[in-house]
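Visitor: just the structure for this:
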Amino acid sequence: MSPPRPRSTMIKVAPQNSSVAISQPVGAGAAPALRQVAPQQLRPESIQQHLEKVVGSAEMRRSKKLCQFLRYTVTEVLCGHGSELKEYAIAVGVFRRGREFDPGADPIVRVQAARLRSKLDRYYQSEGRNDPVRIDYPVGGYSPIFSRREAPCAPETTALLETGPAMIAATRHIAVLPFIGVGAQGSEAFGDGLTDELMHALSGWPGISVIARSSSFQFKGRSEDVRRIGEWLGVFALVSGSVRIEGSHLRVMAQLIDAASGVNLWSTACDRELDGVIESQQQISREIALIVKSQLTLARA
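Guide: Numbers count the residues shown, from 1 in each chain. Below is the predicted model of the structure:
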């Protein structure tokens with residue numbers, strides 16, 4: 001009689017600092033071996049890349065609000081704020097409800113969370129059936145759980161685990177240039193604050209060294225070749241962008257530039273309703289920082 005086939009391995013990463021159990025391949029009838037693993041062992045870049053694939057899928061891309069829900073909650077967890085993902089925070093941050101929002105009277109978050117769970121289930125049954133990463137929302141909760149699916153019979157699970165920031169061995173220097181205000185009054189001040197928040201967000205990543213504000217801000221309002229700026233600051237990449245405010249609408253453009261060639265490696269546009277200057281600056285800077293980190297990792301590979 002041939003020996004029983006081992007079960008496939010599933011690694012689950014919980015938000016915050018909760019412990020995670022990994023089921024190792026075991027024979028039929030035997031109790032699974034469990035180990036405690038740190039959440040960081042699933043690379044943030046892998047989660048971010050998977051998120052971009054999901055929101056661009058045929059299942060999700062037409063549901064803009066659900067994509068915002070997904071982006072917002074995943075970003076908050078990756079930034080260490082998973083415990084703050086309550087109905088009120090999501091209603092205000094995603095669905096633009098007012099400060100007087102009452103979860104008991106308005107079920108918007110619960111209804112949309114159920115829709116998101118259903119769409120993710122359908123995605124993982126079709127386009128995402130072979131994806132190595134999976135995003136799930138436990139029923140009754142709004143903080144996503146990330147799972148990594150390993151191939152069956154992996155000879156050594158721990159050899160497949162990777163720590164995100166540690167994947168970049170050498171420190172790399174980048175500069176965040178002052179975001180340019182191109183809209184109505186207030187755009188310039190918002191851009192300066194967003195630049196500061198983005199410097200702060202990127203400085204939290206081991207392996208990346210961000211040039212000081214005083215050095216970057218000397219180029220504010222100056223028209224210089226980015227290659228000259230890169231050479232002057234001694235960096236390999238630059239982040240630049242613009243801010244446009246029209247009434248209550250906010251549009252932020254951001255680019256990641258190769259300092260040696262002057263070529264855009266990546267760019268994005270972020271549109272939203274302006275609901276609190278500091279909150280908007282922090283949220284946008286986190287989103288940009290995660291994508292910049294992902295792009296730098298891809299460029300290094």
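Visitor: helix or strand next in line after the helix or strand of the chain with the lowest mean pLDDT, which one?
Guide: Lowest on mean pLDDT, DSSP states H and E among the helices and strands of the chain sits strand 34-37, with a mean of 31. Moving toward the C-terminus from strand 34-37, the next helix or strand (DSSP states H and E) is helix 44-55.
Visitor: can you tell me the average pLDDT over that following helix?
Guide: When pLDDT is averaged over helix 44-55, the result is 88.
Visitor: ok, stretch 71-86 next?
Guide: Stretch 71-86 comes out at a mean pLDDT of 87.
Visitor: list the buried residues in it.
Guide: For stretch 71-86, a neighbour-count test (16 or more other Cβ atoms under 10 Å) marks 71-79, 81-82, 84-85 as buried. Glycine gets a C-beta too; all of them are placed from N, C-alpha and C.
Visitor: mind picking the two most distant members of these?
Guide: Across the buried residues of stretch 71-86, the longest distance by Cβ to Cβ is 15.7 Å; it joins 71 and 84.
Visitor: what about residue 122, how many neighbours?
Guide: 14 (other Cβ atoms under 10 Å).
Visitor: so who does it touch?
Guide: Contact analysis of residue 122 by Cβ atoms under 8 Å, 6 or more residues apart in numbering lists residue 59.
Visitor: show me the strands in the stretch 151-300 of the chain, by range?
Guide: 172-176, 180-181, 208-210, 237-246, 249-258, 264-273 (DSSP state E, counting those that start in this stretch).
Visitor: now do the longest helix along the chain: which elements does it pack against?
Guide: Longest helix in the chain, counting residues (DSSP state H): helix 277-300. Helices and strands touching helix 277-300, by 3 or more Cβ pairs under 8 Å, 6 or more residues apart in numbering; DSSP states H and E, are helix 44-55, helix 64-78, strand 172-176, helix 187-203, strand 237-246, strand 249-258, strand 264-273.
Visitor: of all the ones you listed, which one is nearest residue 133?
Guide: Residue 133 lies closest, by Cβ to Cβ, to one member of the helices and strands packed on helix 277-300: helix 44-55, at 4.1 Å.
Visitor: what residues of that closest one count as buried?
Guide: Buried positions in helix 44-55, judged by neighbour count with 16+ other Cβ under 10 Å: 44-51, 54-55.
Visitor: chain center to stretch 122-135, what's the gap?
Guide: Relative to its chain's centre, stretch 122-135 lies at 18 Å (Cα atoms, centre = their mean, to the nearest Å).
Visitor: now that stretch: average pLDDT?
Guide: On average, stretch 122-135 scores 89.
Visitor: that stretch: end-to-end distance?
Guide: End-to-end distance of stretch 122-135 (Cα to Cα, to the nearest Å): 12 Å.
Visitor: show me which residues of it are buried.
Guide: 123-124, 127-128, 131, 133-135.
Visitor: of those residues, which belong to helices?
Guide: 123-124.
Visitor: distance to residue 177 for the buried residues of stretch 122-135 - can I get that in TSV?
Guide: Converted to TSV, the buried residues of stretch 122-135 look like this (distance: Cβ to Cβ, whole Å):
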residue	distance to residue 177
123	37
124	40
127	37
128	37
131	35
133	33
134	37
135	33
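Visitor: out of the buried residues of stretch 122-135, which are inside strands?
Guide: 133-135 (DSSP state E).
Visitor: adding distance to residue 243, write those out as JSON lines.
Guide: Below are these laid out as JSON lines (distance: Cβ to Cβ, whole Å):
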{"residue": "133", "distance to residue 243": "32"}
{"residue": "134", "distance to residue 243": "35"}
{"residue": "135", "distance to residue 243": "30"}
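Visitor: got the CA positions of the longest helix of the chain in PDB?
Guide: Provided in PDB are the C-alpha atoms of helix 277-300 (Å, rounded to 0.1, in the frame of the first residue of the first chain):
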ATOM      1  CA  VAL A 277      -5.800  67.400   5.400                       C
ATOM      2  CA  ILE A 278      -3.600  65.400   7.800                       C
ATOM      3  CA  GLU A 279      -5.600  62.200   7.400                       C
ATOM      4  CA  SER A 280      -5.500  62.500   3.600                       C
ATOM      5  CA  GLN A 281      -1.700  63.200   3.600                       C
ATOM      6  CA  GLN A 282      -1.000  60.200   5.800                       C
ATOM      7  CA  GLN A 283      -3.200  57.800   3.900                       C
ATOM      8  CA  ILE A 284      -1.900  58.800   0.500                       C
ATOM      9  CA  SER A 285       1.700  58.800   1.600                       C
ATOM     10  CA  ARG A 286       1.300  55.200   3.000                       C
ATOM     11  CA  GLU A 287      -0.200  54.000  -0.300                       C
ATOM     12  CA  ILE A 288       2.600  55.600  -2.400                       C
ATOM     13  CA  ALA A 289       5.300  54.400   0.000                       C
ATOM     14  CA  LEU A 290       4.100  50.800  -0.300                       C
ATOM     15  CA  ILE A 291       4.100  50.900  -4.100                       C
ATOM     16  CA  VAL A 292       7.500  52.600  -4.300                       C
ATOM     17  CA  LYS A 293       8.900  49.900  -2.100                       C
ATOM     18  CA  SER A 294       7.400  47.300  -4.300                       C
ATOM     19  CA  GLN A 295       8.800  48.900  -7.500                       C
ATOM     20  CA  LEU A 296      12.300  49.200  -6.000                       C
ATOM     21  CA  THR A 297      12.200  45.500  -5.100                       C
ATOM     22  CA  LEU A 298      11.200  44.600  -8.600                       C
ATOM     23  CA  ALA A 299      14.000  46.800 -10.000                       C
ATOM     24  CA  ARG A 300      16.500  45.100  -7.700                       C
END
